[in-house]
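# pasted the sequence and its predicted model underneath.
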Amino acid sequence: MLTEAQRAEVVASLLESHHTKVQGKRPSEMFPQIQIEDSYAISSAVAEERVKAGRRIVGHKIGLTSKAMQASSKIDEPDYGYLFDDLVLSDGAKVPFDAFCVPRVEPELTFILKEPLKGPGVGLVDVLRATEWVVPSIEIIDARVTEPRRIYDTVADNGAAAGIVLGGRPVRPDAVDLRWVGAVFYRNSEIEETGLAAGVLGHPAMAIAWLANKVGPFGTTLEPGHLMLSGSFTRPVWAAKGDTLHADFGPLGSVAVQFV
């Protein structure tokens, strides 16, 4: 475990990278003895500093929800980070490429809660009952630390959260079988990835249940109105300046973002 002074050093480095858009040292490079508990504490401390600076937490993102991504990170469970009000974008948004270090994008489903969720003991039906809308989305991820990253680095870096683009056709959670929601993901006019939402823990709502049960013992409740980004069901796609990323969710419409 790290000392408070060591954690504070990592927090300062991450905040500097947020400001400059230049990748900093990996926490696991700075302090090889780092533990996952340190990483979550660092992520929370960075979030607190962002709130002090005027940002508002509007939800959470859940990552590493597929078996393939967990295996690549050598962990056996997802991770999570915070969503802030300045990260929420509308369909068709044009975002400055220079606002990121190394942006990548993923198609996902966002759950918007109408009731609170607090673990332990939250299951699939509890999540569906507490959800008002499910919205097709694109997540922008960005690494504020250098390669080769380990799970400790990604968690400390707020799960690489950098933006969420909401679009398509919002649906009630019981309107479709969410397991079979699919997406065809384009960069400009070329298909880069395809996938099904069942790749997220068998059902994307299970990602929300996992988070509620993970943070509930610490007194944290997933709040009504909050956005819950459930995790990607494709590999991330790199974005370059001038690229348009477009996710076609079929009957649920599409969502796009352009880097300018």
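Ah, there it is.
# please enumerate the strands of the stretch 1-150 of the chain.
Using DSSP state E, counting those that start in this stretch, the strands of the stretch 1-150 of the chain run over residues 57-63, 79-84, 88-90, 93-95, 104-113, 131-141.
# mind checking which of the ones you listed is nearest Thr3?
Smallest distance to Thr3 across these (Cβ to Cβ): 23.1 Å, for strand 79-84. Quick note: C-beta positions are derived from backbone N, CA and C, even for glycine.
# one step back: nearest to Ile191, of the strands of the stretch 1-150 of the chain?
The nearest among the strands of the stretch 1-150 of the chain, by Cβ to Cβ, is strand 104-113 at 11.9 Å.
# and the closest one, which strands flank it?
In the sheet, strand 104-113 lines up against strand 131-141 (antiparallel), strand 227-229 (antiparallel), strand 237-238 (antiparallel) (DSSP bridges).
# for the next helix or strand after the last one, packing partners?
So that's strand 237-238. Per DSSP states H and E, the first helix or strand lying C-terminal to strand 237-238 is strand 244-248. Counting contacts by 3 or more Cβ pairs under 8 Å, 6 or more residues apart in numbering; DSSP states H and E, strand 244-248 packs against strand 131-141, strand 182-187, strand 254-259.
# angle of strand 244-248 against strand 104-113?
50 degrees (axes from the mean of the first three to the mean of the last three Cα atoms, to 10 degrees).
# still on that earlier bit, tell me which of the strands paired with strand 104-113 is the most buried.
Ranked by mean neighbour count under mean count of other Cβ atoms under 10 Å, these are led by strand 227-229, which reaches a mean of 26.
# next one: it to chain centre, how far?
8 Å (Cα atoms, centre = their mean, to the nearest Å).
# before we move on, back to that, out of the helices and strands packed on strand 244-248, which gets nearest to Ala212?
Here strand 131-141 is closest among the helices and strands packed on strand 244-248 (Cβ to Cβ), at 11.7 Å.
# after that closest one, next one along is what?
helix 151-156.
# which residues sit against that following helix?
10, 14, 26-28, 34-36, 38-40, 42-43, 46, 63-64, 73-75, 79, 81, 143, 145, 160 (Cβ atoms under 8 Å, 6 or more residues apart in numbering).
# drop anything exposed from the residues you listed.
10, 14, 26-28, 34, 38-40, 42-43, 46, 63-64, 73, 75, 79, 81, 143, 145, 160 (16 or more other Cβ atoms under 10 Å).
# how about the strands paired with strand 104-113 in CSV, adding distance to Leu89?
Converted to CSV, those look like this (distance: least, Cβ to Cβ, whole Å):
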stretch, distance to Leu89
strand 131-141, 8
strand 227-229, 12
strand 237-238, 17
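# out of those strands, which is closest to Gly59?
strand 227-229 (3.4 Å).
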